[in-house]
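1. curious how this folds, go ahead:
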Amino acid sequence: MTSAISQSPEQAQTNFTASATTRPLKIVVAGGFAAGKTTFVESSSEITPLRTEAPMTSVAAGIDNAGDVTTKTHTTVAMDFGRITLKNTMLFLFGTPGQDRFWFMWDELTKGAIGAVTMVDTRRLDDCFSALDFFESRQLPYIVAVNKFDGTLHHDIDTVREALAIDPAIPVVPVDARDQVSVHQALLELVGHAIQRKRG
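-> Here you go, the predicted model:
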């Protein structure tokens, strides 16, 4: 597959509308609160992403715990949406809210998805287990993306896999949610994993 990373949004849209064989694929980006989901969607999208963020207020103190992510001032309250054009394929990215009180929306967001990216912050590993359980229970193919918040991988992949106790067949990949190339590599990993799962 040839990525459209170097294309402008206008070029990508032209290519998309001109191809009658383009296949839309839906991907969900999930994970714990403040794990990097919005950044992941935003940095990878070729269009200005749709963001449904609201300011964090004192009302949410003790409920929305960002841990060491002290710079977080807004939170997703519905979803994030982005788009990426690949040769004959259009990826639609749907980022979920991370807080427990918004989980009722996950069923709707995952309908028709080929797979999911579960964002992991190793400083708050427990926050991702709900997403893993959700996708496992629905048998939706997923990968685990270990977010490198400061550009450094603080735990090796095998250690993270062991801590999460996930199936060896599920890809666990490092990703810098701020870097488009890194995000696109993770998405290609997911697409490949979903195809392999479908083939059995």
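2. use CA for all of it now, contacts and neighbours both
-> OK.
3. mind listing the helices in this protein by residue range?
-> Secondary structure of the chain (DSSP state H): helices at 9-18, 37-44, 106-110, 129-137, 157-164, 180-199.
4. I84 is nearest to which of the ones you listed?
-> helix 37-44 (7.1 Å; C-alpha to C-alpha).
5. list the contacts of the closest one.
-> 29-31, 48-49, 51, 76, 80-84, 93-96, 119, 177-181, 183-184 (C-alpha atoms under 8 Å, 6 or more residues apart in numbering).
6. and those, which are buried?
-> 29-31, 49, 51, 76, 80-84, 93-96, 119, 177-178, 180-181, 183-184 (16 or more other C-alpha atoms under 10 Å).
7. in strands only, show me those residues.
-> 29-31, 51, 76, 80-84, 93-95, 119 (DSSP state E).
8. show me the shaky parts of this structure.
-> 1-21, 51-78, 98-103 (pLDDT under 70).
9. centre-most residue in this protein?
-> V29 (2.6 Å; C-alpha atoms, centre = their mean).
10. for it, list each beta-bridge partner.
-> G95, V117 (DSSP bridges).
11. tell me the contacts of it?
-> Applying C-alpha under 8 Å, 6+ apart to V29 gives the contacts 37, 41, 93-96, 116-119.
12. quick one: it from G200, how far?
-> For V29, the distance to G200 (C-alpha to C-alpha, to the nearest Å) stands at 23 Å.
13. before we move on, the earlier item: now, which of the contacts of V29 sits nearest Q139?
-> A116 (10.8 Å).
14. just checking, the closest one touches L25?
-> No. Assessed by C-alpha atoms under 8 Å, A116 is found out of contact with L25, at 11.3 Å.
15. neighbour count for these two, which is higher?
-> A116 (28 against 17; other C-alpha atoms under 10 Å).
16. ok, now which ones touch the more buried one?
-> 27-30, 135, 140-143, 190.
17. what subset of those is buried?
-> For the contacts of A116, buried by 16+ other C-alpha under 10 Å: 27-30, 135, 140-143, 190.
18. now distance to F104 too, for those, in a markdown table please.
-> Shown next, in a markdown table, are the buried ones among the contacts of A116 (distance: C-alpha to C-alpha, whole Å):
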| residue | distance to F104 |
| --- | --- |
| I27 | 18 |
| V28 | 15 |
| V29 | 15 |
| A30 | 13 |
| F135 | 14 |
| L140 | 17 |
| P141 | 20 |
| Y142 | 19 |
| I143 | 22 |
| L190 | 24 |
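19. related to what we said a few turns ago, any idea how far R199 is from the residue nearest to the centre of the chain?
-> 23 Å.
20. repeat for E136
-> E136 is 18 Å from R199, by C-alpha to C-alpha.
21. W106 now?
-> 26 Å.
22. the two: which is more packed in?
-> W106 (19 against 7).
23. so the nearest residue to V172 once chain neighbours are set aside bridges to which residues?
-> Nearest non-adjacent residue to V172, counting by C-alpha to C-alpha, 6 or more residues apart in numbering: V144, 4.7 Å away. Beta-bridge partners for V144, by DSSP bridges, are T118, V172.
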